[in-house]
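Colleague: What follows is a protein structure lacking sequence information:
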């Protein structure tokens, strides 16, 4: 989902998180929505590391160390025949005619055309789509009325919402639906001076972002005042607004994420040899930089703390990477004390995993340790650890309501098995999450 924001303001630093998860269940399908994440990881050491050309902050939706993705090279989709109310006969009334379908098709092609990425999209004939839901049909639809009454309750400020359904055993996406908010926003295909200076929202700009969620990507950054231009300019940055078109073009960060999920050729598997620090006190730090030493790391390698449960993994922001070393910042906000598996992935099926290679300790004071493979003491050493901790409970800057007009839901409503129009899976269909009562 994308948020609508005004033109970028001065990059004052903002830190903090808004998160309100909830769970619902219906007809044997379990649904999870994560709302509104606004995160800033801004410290002296993190900012210095981010100057590296190898830095990336792409995030892939992941649970228990497994990425969500399509397991086929060809993905079909259908655009609702009614399209957008702002178009008539394939034209938006300004500039040369460019239909909604053409803009959508170009957005999908942006992901297909990344060098080294193996995924193709095929458009089925448009048809009337009364409602979306888990039906094994990937849809693109404009919602012109009752946007806030949709089953997943999007705010009026949301430009668009993408919902994906996946199996829980192998995290394969079986259904993705993108919804554009036609009730609260005017849509167009910007190609005229009038539109460039107007208040309409460019379909291709937003669709390219949403289709990143469609295939399994999360946001590269959710800091409204992101100081790193590489991350702010990425298509998968969490916010957008009228007149904007530069996110039509995928940036390096976006391409690296797709290359990790859908590689044409299988890369070598990474090998983790040491992690430092691997013991941190969550009471004194909200995020920490971790040094991972090993072999076969790539420029698009991802690192995560695997969580067993419903909240999703903590995918780190890679500060720098070489063949034998990664420096990664992990956001620790809201994580309970305990051990977490450390996973490095060169591709969805090329990973290395160290069980409980990172631990949040409830002891008072900072606790720094390091993990070295084969150290013989259960994976937790006592030697001094490196890394750069970011203090907990940083000063928070107030954000006026007008600063974020739209994307308050994390742009992909992560792994939703929809409760509306969700048929009981047949024995031949993928097994979805079983009933799980809210805690």
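Modeller: Here it is on my side, so go on. Source: prediction; values computed, not measured. Residues are numbered from 1 along each chain as shown.
Colleague: Touching, residue 329 and residue 316? I think so.
Modeller: Yes. Applying CB atoms under 8 Å, one finds residue 329 in contact with residue 316, separated by 6.0 Å. C-beta: built from backbone N, CA, C; applies to glycine.
Colleague: any common contacting residues for the two?
Modeller: With CB atoms under 8 Å, 6 or more residues apart in numbering applied, the overlap between the contact sets of residue 329 and residue 316 consists of residue 290.
Colleague: Could you tell me the end-to-end distance of stretch 174-187?
Modeller: Across stretch 174-187, the straight-line distance between its terminal residues is 28 Å, by CA to CA, to the nearest Å.
Colleague: can you check stretch 127-134 too?
Modeller: Stretch 127-134 has an end-to-end distance of 17 Å (criterion: CA to CA).
Colleague: so who does residue 119 touch?
Modeller: Residues in contact with residue 119, defined by CB under 8 Å, 6+ apart, are 70, 73, 74, 75, 111, 112, 215, 258, 262.
Colleague: Next, work out how far apart the first one and residue 175 are.
Modeller: With distances taken as CB to CB, to the nearest Å, residue 70 is found 10 Å from residue 175.
Colleague: just residue 283 next, same as before
Modeller: Distance from residue 283 to residue 175, by CB to CB: 41 Å.
Colleague: between those two, who's got more neighbours?
Modeller: A side-by-side neighbour count of residue 283 and residue 175, using other CB atoms under 10 Å, places residue 175 first with 21 against 16.
Colleague: Would you confirm that that one contacts residue 162?
Modeller: No. Between residue 175 and residue 162 there is no contact under CB under 8 Å: 11.1 Å.
Colleague: which residues do the two both contact?
Modeller: Looking at what touches both residue 175 and residue 162 (by CB under 8 Å, 6+ apart), there is no common residue.
Colleague: Residue 235: which element?
Modeller: Here residue 235 sits in a region with no helix or strand, counting by DSSP states H and E.
Colleague: next one: phi and psi at residue 205?
Modeller: phi -60, psi -50 (degrees, to the nearest 10).
Colleague: Return the residues in contact with it.
Modeller: Taking CB under 8 Å, 6+ apart as the contact definition, residue 205 lies against 190, 240, 244, 245, 246, 247, 248.
Colleague: let's see 6 Å
Modeller: The neighbours of residue 205, taking CB atoms under 6 Å, 6 or more residues apart in numbering as the test, are 244, 245, 247, 248.
Colleague: Show me the one in these that has more neighbours than the rest.
Modeller: residue 247 (24 neighbours).
Colleague: which residues touch it?
Modeller: Remark: with contacts taken as CB under 6 Å, 6+ apart, residue 247 is in contact with 205, 209, 235.
Colleague: Swap in 10 Å and give it another go.
Modeller: Shown here is residue 247, whose contacts under the criterion CB atoms under 10 Å, 6 or more residues apart in numbering are 2, 110, 202, 204-209, 212, 233-237, 240, 254.
Colleague: Please, a ChimeraX command that selects the buried ones among those residues?
Modeller: ChimeraX command restricting the contacts of residue 247 to the buried ones, with burial defined by 16 or more other CB atoms under 10 Å:
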select :2,110,202,204,205,206,207,208,209,212,233,234,235,236,237,240,254
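Colleague: Could you list which of the contacts of residue 247 belong to helices?
Modeller: Secondary structure of these is defined by DSSP state H; positions in helices are 110, 204, 205, 206, 207, 208, 209, 212, 254.
Colleague: How about the fifth one, nearest residue that isn't a chain neighbour?
Modeller: Going back to what we said before, that points to residue 207. Distances taken as CB to CB, 6 or more residues apart in numbering place residue 107 nearest to residue 207, at 3.7 Å, with adjacent residues excluded.
Colleague: Sweet, I'm off.
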